[in-house]
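[1] Here is a sequence together with a model predicted from it:
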Amino acid sequence: MKDKFLLTDFVTEQIFSIVRWIFLIVSVIVFYYPPIATIVNFNLHTFNYLLIFGFTYITIAQVALWLASGNNTIFNLLMKTGILFDYIALIWLLILTGGVTSPVFPIAYLLVIHSTIYWGILGTAISCSLMAVTYSVLFWISLPLPNLSIVIFLLNLVFLLVIGFFGALIVNRERHHHKLQYVYKDLVVRDYLTGLYNHRHFQETLKVYLSGTNKTEMAVVLADIDNFKSINDTHGHVNGDKVLMKIGEILQHSIPSSLGNAFRYGGEEFAIIFQTADNEKIIPCLEKVYKELREVQFTSENGSFSVTMSFGLFSNQQGISNQVDIVRRADKLLYKAKHNGKNQAIFDCGTVIRG
């Protein structure tokens, strides 16, 4: 339930975009709607220009936000320029609505919160300092002022700094908490020895693929280190662990994350889920694994030794939805590779790669 209230930076920026539109509409009502405009009597001298500036900026920002979906470069540029334009619009609005005693000064709190969300303590320090200096300049050029205006100025300044300080603490705490959650979650799904995802995450990932519409655009590989028991018996379990660690390292940088993920299935067994069933993309990955295995030599008190692996690959082009059935088919192909002499990868289409 708690996770439902965790917002991404993109969603947060969408919310701020909606808030800008609300403020724009409210400003038009306050400045132009006669029953309210005659009461507040704000300066209309340059408001038309501010309105054009605000409408143009918010529209461009809204379009850019739609285009920024999935594009970090556009989003980061939008975020930075957004805070800058918010600052310009706010100062302009303060000047038109009474300067030091402007009733719209609380918008400055949103500006500080906005910059704090993205830049943490540094954002707070910069936005609070810039806003405090600008507000102080407005105060200075407005002198002399009534005592009440001076009190309002001091209170606004104090509240700005206090809200900025506590906002920075809250954001910093939440980010630290979120980071810890990520670390704990990663520990749950990752195998400590090899650095690969574990069996549990393999089953969860496979389930996600099979519940989607891309069942035929995937392939499952089961792999096994050949003669691993004799390696442990001859060279010891410590060196056996070193072999497992090296295999994990090889699989990690031989399989691009854009194509798939490797898992430690259990013991000396590994698994790979490819996000494609195209053998022309999969074969180079397995060939790279074999190439690196040929180049690795392990040493122990009983001499040096090398390692080979066998693979069985099942591409789910029939669109099978049963996890157990898919794993069983890949396992049969792995068994066939072991039975046929090991150190080879056998595909369900009949393709064989030898190590």
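    Good, I have the coordinates. Numbers count the residues shown, from 1 in each chain.

[2] At which residues are the strands of the protein located?
    For the chain, applying DSSP state E gives strands covering 219-225, 260-266, 269-274, 298-300, 303-305, 309-315, 344-347, 352-354.

[3] among these, which is nearest Leu145?
    Leu145 lies closest, by Cβ to Cβ, to one member of the strands of the chain: strand 260-266, at 64.8 Å. C-beta here means a position set from N, CA and C on the backbone, and glycine is covered the same way.

[4] okay, the strands of the chain in TSV with mean neighbour count and mean pLDDT next?
    Output for the strands of the chain, formatted as TSV (neighbours: other Cβ atoms under 10 Å; pLDDT from 0 to 100):
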stretch	mean neighbour count	mean pLDDT
strand 219-225	24	95
strand 260-266	22	94
strand 269-274	24	96
strand 298-300	14	92
strand 303-305	11	93
strand 309-315	25	95
strand 344-347	22	96
strand 352-354	14	92
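
[5] burial of the closest residue to Gly267 other than its chain neighbours, as a residue count?
    Distances taken as Cβ to Cβ, 6 or more residues apart in numbering place Phe228 nearest to Gly267, at 7.7 Å, with adjacent residues excluded. Neighbourhood size, Phe228 [other Cβ atoms under 10 Å]: 18.

[6] can you check the one 4 residues further on too?
    For Asn232, the neighbour count with other Cβ under 10 Å is 16.

[7] ok, now the one 4 residues further on?
    Counted with other Cβ under 10 Å, residues neighbouring Gly236 total 14.

[8] In this structure it contacts Phe298, no?
    No - using Cβ atoms under 8 Å, Gly236 is not in contact with Phe298, being 11.1 Å away.

[9] Output the below-cut-off pLDDT ranges for the stretch 201-350 of the chain.
    214-215 (pLDDT under 70).

[10] Show me the helices in it, by range?
    Applying DSSP state H, counting those that start in this stretch to the stretch 201-350 of the chain gives helices spanning 228-235, 237-254, 279-295, 323-339.

[11] quick check: angle from the third one to strand 260-266?
    Spelled out, that is helix 279-295. Taking axes from the mean of the first three to the mean of the last three Cα atoms, to 10 degrees, one finds helix 279-295 and strand 260-266 inclined to each other by 50 degrees.

[12] Let's see the pLDDT reported for Met1.
    Per-residue pLDDT puts Met1 at 40.

[13] Begin at 55, not 1, for the rest of this chat.
    All set: I'll call the first residue 55, so the last point we hit is now Met55.

[14] Any idea what the closest residue in space to Ile337 that isn't next to it in sequence is bridged to?
    Counting by Cβ to Cβ, 6+ apart, Ile337 lies nearest to Ile407, which is 6.5 Å off, once chain neighbours are set aside. Residues in a beta bridge with Ile407, per DSSP bridges, are Ala399.

[15] Thought Ala399 was touching Ile407, still the case?
    Yes - if you go by Cβ under 8 Å, Ile407 and Ala399 touch, sitting 4.3 Å apart.

[16] hey, what's in contact with both of these two?
    With contacts taken as Cβ atoms under 8 Å, 6 or more residues apart in numbering, the residues that reach both Ile407 and Ala399 are 340, 344, 365.

[17] OK, contacts around the first one?
    Right, the one you point to is Leu340. Going by Cβ under 8 Å, 6+ apart, the list of residues near Leu340 reads 275, 308, 365, 367, 399, 407.

[18] one step back: in contact with the residue nearest to Gly321, which residues are there?
    Applying Cβ under 8 Å, 6+ apart, the residues near Phe282 are 294, 297, 321-322.

[19] Go again with 10 Å.
    294, 297-298, 301, 321-323, 361, 363 (Cβ atoms under 10 Å, 6 or more residues apart in numbering).
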